[in-house]
Each structure stands twice: as structure tokens, then as C-alpha cells.
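A.B. asks: below: sequence and its predicted model.
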Amino acid sequence: MIGTRSVICAPLRNLGLIIIDEEQDTVDKQDQVPHYHARQVAFMRIKREAARLILSSSSPSLESFYLVKKNKISPLSTPRVDGKRRPEIKIIDMKTEGGFKKKEHFFSKYLLDAILSTLNTGGKALLFLNRKGFATFSYCHNCGLALKCQRCNINLVYDFEESILTCHYCSFKMELPKICPSCNSGYIKLAGAGTQKLESELSRIFVQARIKRLDKPEYTDINNGDIFVSTSAIIKHASLPDPARPAGGQQAGGINFDLVGVIAIDNSLNRIDLRSSEKAFSLLVGLLGITKDKMVIQTRLPRHHCFEAILNNDINSFYDEELKQRKQLNFPPLRHMALVKLRSKKEEKARLASHILFEKLKEANRNKEIEIVSVNPGQPSKLRGNFYWQILITAKNVKKMNEFLKPQLKGFSHSGLIVTVDVDPV
Ligand SMILES: [Zn+2]
Ligand SMILES: [Zn+2]
């Protein structure tokens, strides 16, 4: 059987082998109830059904790396099968480059020169920016009000082609108001650049070049273009066969770019997410896989361990450092986490109930191994008209944590309030 996440639950007699490809991908964790992770289900099934499991990835999850360190699973590395030589990698420190002095200036001089010489030799360049749209932020020039989705409390993204503001969470759309709806006097300014803005900047600089955007979910032909702009969608496209090459003689992996420029990876690194470095690293490894000659990474954090590991071709050094940091912070995979999420149509109800539950859990907890850490508004705090609050719990033993939580939550019910638990969120 072949399938996406849920196929892991498929009834199958005489199960012998499970293979999870791209095991680091967070889509393997269901973000709705029941919050299962396909990898966890796989571990459970092979134990019960005496089968074997292969986890495959070019940038494994820290969870799997940790299991290797503890000798719970065995590592196996495979050499590149496409016979490609390793591309040259250049890290550009944008603090000293000066390119960012002018706000929203995308390119270092080094990257501009690299694009130019790629074009001169008839090569293809890919510029990576993990934000769609034209402007990712719009605000009133007079009173400073940011335009947000009313249902999600999230900044609306401006789409230049449709000249419309969209919420990337719930697909809410509205026209760009001529004047501020709050103060009725200021005009709306656009800021925070996405792939559309990058595309328009490129066409201003490289007038002769054919520029294409590859951030749509459908597969795009890369033959009729010179410079391409994309979000992480390209990494998934790239494993599809290249239509320009005849079938049969095909090497592993399809599309390749002579030059790959990483524009703003710092956005990914600076996210409030304990896995932000791991996710950024995985992105970079994915991009490296579609780079033929040269990869240029622009950053203001040039010493970050994720760049050092890429530069030195030492994937283990990234995981060792990341594991060390997680250990210091008492974060997964060294400890388990549970997020108890409370949601209500009424803001006050969600806030109040979460504080009551937080106190109740703290009082009931007798186990030193379980820590009731904090109570905070959800991230995001409002989504599709619901208000979210969350309680963070960590524990050494996940089974003990579940045993503690279950009876506590059973006795906690309020009308108009929904409580869910996400164990080890990704
Ligand atoms: Zn205003
Ligand atoms: Zn929304």
C-alpha cells in the first residue's frame, strides 16, 4: 500500500515492512484531533506486528537522530546516486554587506553578480523566499493600524495579481481599502516582501531575463525561463521528473538550477518555534539537493550552526549542536510536551477557563517528573472566529503524563468550551 499520512493506519494482514519517506516532514503529524504522528504509529505497529521500519530522509528529524544516539535505531547513510559533485556554497553576511540599508532591498552585490554570470552562461537561477504574495503586511500611514483578518487576527497578505488582501489561514479576502477603516484619513502602506515583490524587483534589474514564479501548487515547466522565484513548494516539485529530459535515461531527482540564492532564511530561523532551526536546516538541505553549481545564502546570522553544518558538509554537527541546545532548555526530544488547547467563541471564556484549569493541574500534580509550565494565548490566538488559549506541560515519561492528564480533563467540562490535547506538537 502506498499513501499519505493516514495509510499508516490501514488494516493490512502480514505486515512486513513500513517505509516512511521524508520522515522529518511535519505533515506526518495530524494537526487536528486525533493528533497522531505517522512515525509514532509506525513504531507501535512494527512492535505489535513484528514488522520492520525504514525511516528515510536527507535531513532527519531530531527525534530520529536522538534514537540513533541512544542505539534504539540503526543509522545507514547512502551516497548520492545522481553522481553530482557538491555545489559551491557561499554565506553572505548581510550585516556587513550593506545591501539591507535600503529597506526591502533583496540582494547583496555578490548575489547580483552571481545571477548575472549565470545568465551570461545560459544557466538557470532560482531565488528562494518562503513568503508568498506581494506584501505580507499592510498598515495605515497615519494611525499605524495593521490590517488583519477579523476571524483570525493574522496579518493579511496583499496579492498583486488579484489586487486583493487574503488571509493565508482561512482564505478570507477583501479589497485594499483606499483609506484607513479606523482613522478614516491615512492611506494604506504595503510592507514585508513576498515572492511577487521579489519577482517585480528582478524584472526591474534584469530587464532581458525571462522571470517565472514557481510558488503555485501545480507543477510548472522550468524550460521557458532564466530566473525562477519560489517558496518551499519548489523542493517538492523538484523530485518530479524533468519533462525536458527523455524518460528512461533519467537520473534520480529531476529539476536542477545552476544557481540557487536563498534570500531571507532568517525569517524561518527567527520564528517562535522550538523546531525553527531544524526546519530551516531541512529547507537548506532540500535546496542544496536541487543546486548544480552554486548556492548563495544571505543572512544576518552567518555563524548559526545550521549554516556551519551546510558549509562544512557535516550534517551531524548540526544535530549534535541542536541536541545540546534542546538539552539545556529541557525541550523535546529529551522531554515530552503536551499542549492542552482550549477554544471558545467567547474570548473571556477561553481565557478564564484556561487559568482555572492551569491552577487545577498544578494543584493536582504530585509527580516531580511532570511540570505544568505555563498558560498563554494560542498561536495564533484567534482562528476562524474561535479564541484559543493553551497550557504547556512537559514530562520525562509520556505515559505518566497521559495517566495524569486524562482524569483531570474528564472532570473539566464547560458549555461552549472545547478542550483538546496535542502530545509532542510539531
Ligand atoms: Zn489609520
Ligand atoms: Zn483568517
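C.D. replies: Nice, thanks for sending it over. Numbering: from 1, shown residues only. Ligands and ions are numbered 1, 2, ... in the order given.
A.B. asks: helix/strand/coil for the spatially most central residue of the chain?
C.D. replies: Most central in the chain under Cα atoms, centre = their mean is Lys279, positioned 5.6 Å from the mean C-alpha point. Assigned with DSSP: H, G, I helix; E, B strand; the rest coil, Lys279 falls in the helix class.
A.B. asks: check what pLDDT the closest residue to it other than its chain neighbours gets.
C.D. replies: Leaving out its chain neighbours, the residue that sits closest to Lys279 by Cβ to Cβ, 6 or more residues apart in numbering is Ser268, at 6.2 Å. In short, each C-beta sits where N, CA and C put it, glycine included. Note on Ser268: pLDDT of 87.
A.B. asks: quickly list what the closest residue to His168 other than its chain neighbours is bridged to.
C.D. replies: Spatial nearest neighbour of His168, excluding adjacent residues (Cβ to Cβ, 6+ apart): Val157 at 5.8 Å. In this entry, Val157 is beta-bridged to Thr166, by DSSP bridges.
A.B. asks: so Val157 touches Ala146, yeah?
C.D. replies: No. If you go by Cβ atoms under 8 Å, Val157 and Ala146 don't touch, sitting 11.9 Å apart.
A.B. asks: looking at those two, which one has more neighbours?
C.D. replies: Using other Cβ atoms under 10 Å, the more surrounded residue of Val157 and Ala146 is Val157, with 23 against 12.
A.B. asks: distance check, the more buried one against Lys236.
C.D. replies: Using Cβ to Cβ, to the nearest Å, one gets 21 Å for the distance from Val157 to Lys236.
A.B. asks: what of Arg343?
C.D. replies: Taking Cβ to Cβ, one finds Arg343 at 31 Å from Lys236.
A.B. asks: if you count neighbours, what's buried in stretch 163-179?
C.D. replies: For stretch 163-179, burial by neighbour count (16 or more other Cβ atoms under 10 Å) applies to Leu165, Thr166, Cys167, His168, Phe172.
A.B. asks: would you mind listing what in the stretch 1-150 of the chain touches ligand 1?
C.D. replies: Listed as neighbours of ligand 1 in the stretch 1-150 of the chain under the rule Cβ under 5 Å from the ion: Cys140, Asn142, Cys143, Leu145.
A.B. asks: try 8 Å this time
C.D. replies: Cys140, His141, Asn142, Cys143, Gly144, Leu145 (Cβ under 8 Å from the ion).
A.B. asks: are any of the residues you listed buried, and which?
C.D. replies: Cys140, Asn142, Leu145.
A.B. asks: tell me which of those fall in helices.
C.D. replies: With helices taken from DSSP state H, there is no overlap with these.
A.B. asks: can you list these in TSV and add pLDDT?
C.D. replies: Conversion of those to TSV gives the following (pLDDT from 0 to 100):
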residue	pLDDT
Cys140	91
Asn142	88
Leu145	89
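A.B. asks: which intervals of the stretch 251-400 of the chain have sub-threshold pLDDT?
C.D. replies: Where the stretch 251-400 of the chain drops to pLDDT under 70, the residues are 251-254.
A.B. asks: in it, what residue lies closest to ligand 2?
C.D. replies: For the stretch 251-400 of the chain and ligand 2, the shortest gap (Cβ to the ion) falls at Arg384, measuring 6.5 Å.
A.B. asks: that residue: neighbour count?
C.D. replies: Other residues close to Arg384 by other Cβ under 10 Å number 13.
A.B. asks: touching, it and Arg151? I think so.
C.D. replies: Yes. Assessed by Cβ under 8 Å, Arg384 is found in contact with Arg151 at 5.4 Å.
A.B. asks: show me the common contact partners of these two, please.
C.D. replies: Cys170 (Cβ atoms under 8 Å, 6 or more residues apart in numbering).
A.B. asks: just the helices in the stretch 301-426 of the chain please.
C.D. replies: Ranges of helices in the stretch 301-426 of the chain, per DSSP state H, counting those that start in this stretch, are 305-311, 315-329, 347-364, 398-410.
A.B. asks: for the first one, the distance to its chain's centre please.
C.D. replies: Just to be clear, that refers to helix 305-311. Going by Cα atoms, centre = their mean, to the nearest Å, the spacing between the C-alpha centre of helix 305-311 and its chain's C-alpha centre is 18 Å.
A.B. asks: cool, the third one as well?
C.D. replies: In terms of Cα atoms, centre = their mean, the gap separating the centre of helix 347-364 from the centre of its chain is 30 Å.
A.B. asks: who touches it?
C.D. replies: Helix 347-364 is contacted by residues 340, 342-344, 372, 375, 377, 382, 387-391, 393, 404-405, 408, 412, 414, 416-417, 419 when judged by Cβ under 8 Å, 6+ apart.
A.B. asks: mind doing that once more with 10 Å?
C.D. replies: With contact meaning Cβ atoms under 10 Å, 6 or more residues apart in numbering, helix 347-364 is reached by 340-344, 346, 370-378, 381-382, 386-393, 404-405, 407-409, 411-419.
A.B. asks: again, but for the first one
C.D. replies: When contacts are taken as Cβ under 10 Å, 6+ apart, the neighbours of helix 305-311 outside the stretch itself are 59, 89-91, 262, 265, 268-269, 276-285, 287-288, 295, 297, 299, 301-302, 304, 314-322, 324-325.
A.B. asks: please repeat the previous calculation with a cut-off of 6 Å.
C.D. replies: Applying Cβ atoms under 6 Å, 6 or more residues apart in numbering, the contact partners of helix 305-311 are Ile89, Ile91, Ser277, Ala280, Phe281, Leu284, Ser317, Phe318, Glu321.
A.B. asks: which one of those sits in the busiest neighbourhood?
C.D. replies: That'd be Phe281 among those, by other Cβ under 10 Å, with 27 neighbours.
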